[in-house]
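[1] Dropping the sequence and predicted coords here.
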Amino acid sequence: MAQRDEAVREFVAVTDVDEERARFFLESAGWDLQLALASFFEDGAEDDIVTLPQSESGSVSRSTGPSEHRVTSFRDLMHEDEDDSDDEGQRFFAGGSERSGQQIVGPPKKKNTNEVVEDLFKGAKEHGAVPVDRAGRGPGESSRAKPFGGGGYRLGAAPEEESAYVAGERRSSSSTQDVHVVLKLWKTGFSLDDGDLRNYDDPGNALFLESIRRGEIPLELRQRSRGGQVNLDMEDHRDEDFSRPKPAFKAFAGEGQKLGSATPELVSAPRMGQQEQAAREAQASASISVDDSQPVTNIQIRLADGGRLVQKFNHTHRVSDLRQFVVNARPAMAAAEFVLMTTFPNKELTDESQTLKEANLLNAVIVQRLK
């Protein structure tokens, strides 16, 4: 025992640690003093011992009180303030006893989506961004009204002066333009205007997001404006899954071939003069043989061209006689397909072999309809 106590005193004299610490290294080295010292200076002196700052007088207290010891133990490390380790990884301890051990710090903690979005908004606000209402412009539209750049006719100063066409100035395709972009921050990524979802963890998006955190316009947006101004709006959708908006309806603006008129062209027969029309109607009326000794009825026929015919018929005349009378009065109707119908109720006269009495057409009004 005396030999071990002597080894402990020599270890303490060399390393300036407490006896318990010295016994730990000596026991680990099988009470070989040289091996224990080598192990202490190789591992313990740099990784396991934390020296507190000395007082102004330069004196070192040897008190073993809990607030004045010079060695930070395993228990003390476990009670460190966790606020300073938000960006650090999880800490692990390997080997040793309650008052010894090796601390291993893992990789930094991975931020969740809410923290990523919060950092982006925080960085933007720190560099001058302010909350604003959405403007009436659509995504990707210019932030300024575009002036008219076409041509037109300049009216003459005097009535006899002809109007002259003035061509507009052509704009260079490489001219600068102001661009309005909407950055939407979703639960799993972000999107620009109505584009695809881009993941927060994608290394290809790291430079873009870092520019937003610094309050800068990313390079890819500056390239869109070709040197003009970029107005960037940020929308918070961190609690929503990505959803692509429905595309707005856009009318066809190309060219095509017109195959024909949307409605058939109406080719009307040449109008007859009033005298010729009256002669045709008189001739048609004369073609109807009426027996005054037999029952007689008057039939009114409203023609498709707006005209009107009134004719006497016997009750024994047939529906086919009505059709023939119309054709004789309007010869142009001979080549047209039409039907005769009653009014109140409307009913097509399909059986033209019936007599006027059988068809219940006595003193009736007949309407001509073109097919």
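    Structure's in. What do you need?
[2] How about the secondary structure of Val339?
    For Val339, the assignment made with DSSP: H, G, I helix; E, B strand; the rest coil gives strand.
[3] need the contact list for it.
    Val339 is in contact with 348-349, 368-369, 371, counting by Cβ atoms under 8 Å, 6 or more residues apart in numbering. In this view, the C-beta of every residue, glycine as well, is placed from N, C-alpha and C.
[4] Buried residues, stretch 351-361. List them.
    For stretch 351-361, a neighbour-count test (16 or more other Cβ atoms under 10 Å) marks 355-356, 359, 361 as buried.
[5] Would you reformat the residues you listed as CSV and include distance to Ala304 and secondary structure?
    As requested, the buried residues of stretch 351-361 are exported to CSV (distance: Cβ to Cβ, whole Å; DSSP: H, G, I helix; E, B strand; the rest coil):
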residue, distance to Ala304, secondary structure
Thr355, 25, strand
Leu356, 21, coil
Ala359, 20, coil
Leu361, 19, coil
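[6] correct me, but Ala359 touches Asp321?
    No - look at Ala359 against Asp321 with Cβ atoms under 8 Å: they stay out of range, at 11.3 Å.
[7] packing partners for the helix or strand hosting Ser211?
    Taking DSSP states H and E as the definition, Ser211 sits inside helix 206-213. In this structure, helix 206-213 packs against helix 113-126, helix 219-225, with contacts taken as 3 or more Cβ pairs under 8 Å, 6 or more residues apart in numbering; DSSP states H and E.
[8] So for Arg244, which of the ones you listed sits nearest?
    Across these, Arg244 has its closest neighbour in helix 113-126 (19.1 Å, Cβ to Cβ).
[9] send the alpha carbons of that closest one over as CSV?
    This file holds the C-alpha atoms of helix 113-126, laid out as CSV (Å, rounded to 0.1, in the frame of the first residue of the first chain):
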residue,chain,number,x,y,z
THR,A,113,-39.2,22.5,-42.1
ASN,A,114,-40.6,25.1,-39.7
GLU,A,115,-37.1,26.2,-38.7
VAL,A,116,-35.9,26.4,-42.3
VAL,A,117,-38.9,28.6,-43.3
GLU,A,118,-38.5,30.7,-40.2
ASP,A,119,-34.8,31.3,-40.9
LEU,A,120,-35.6,32.4,-44.4
PHE,A,121,-38.2,34.9,-43.3
LYS,A,122,-36.1,36.1,-40.5
GLY,A,123,-33.1,36.7,-42.8
ALA,A,124,-35.2,38.6,-45.3
LYS,A,125,-36.7,40.8,-42.6
GLU,A,126,-33.3,41.6,-41.1
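[10] how big is the angle separating that helix from helix 206-213?
    Helix 113-126 runs at 50 degrees relative to helix 206-213, counting by axes from the mean of the first three to the mean of the last three Cα atoms, to 10 degrees.
[11] tell me what helix 113-126 is packed against?
    helix 206-213, strand 230-236.
[12] That one: which residues count as buried?
    116-117, 120-121, 123-124.
[13] cool, and stretch 222-237?
    Within stretch 222-237, the residues that qualify as buried are 222, 225, 228, 230-234, counting by 16+ other Cβ under 10 Å.
[14] next one: stretch 336-349
    Buried residues in stretch 336-349 (16+ other Cβ under 10 Å): 338, 340-342, 349.
[15] any chance of the residues you listed in JSON lines, plus distance to Arg308?
    Output for these, formatted as JSON lines (distance: Cβ to Cβ, whole Å):
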{"residue": "Phe338", "distance to Arg308": "15"}
{"residue": "Leu340", "distance to Arg308": "14"}
{"residue": "Met341", "distance to Arg308": "15"}
{"residue": "Thr342", "distance to Arg308": "16"}
{"residue": "Leu349", "distance to Arg308": "18"}
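[16] No more questions from me, cheers.
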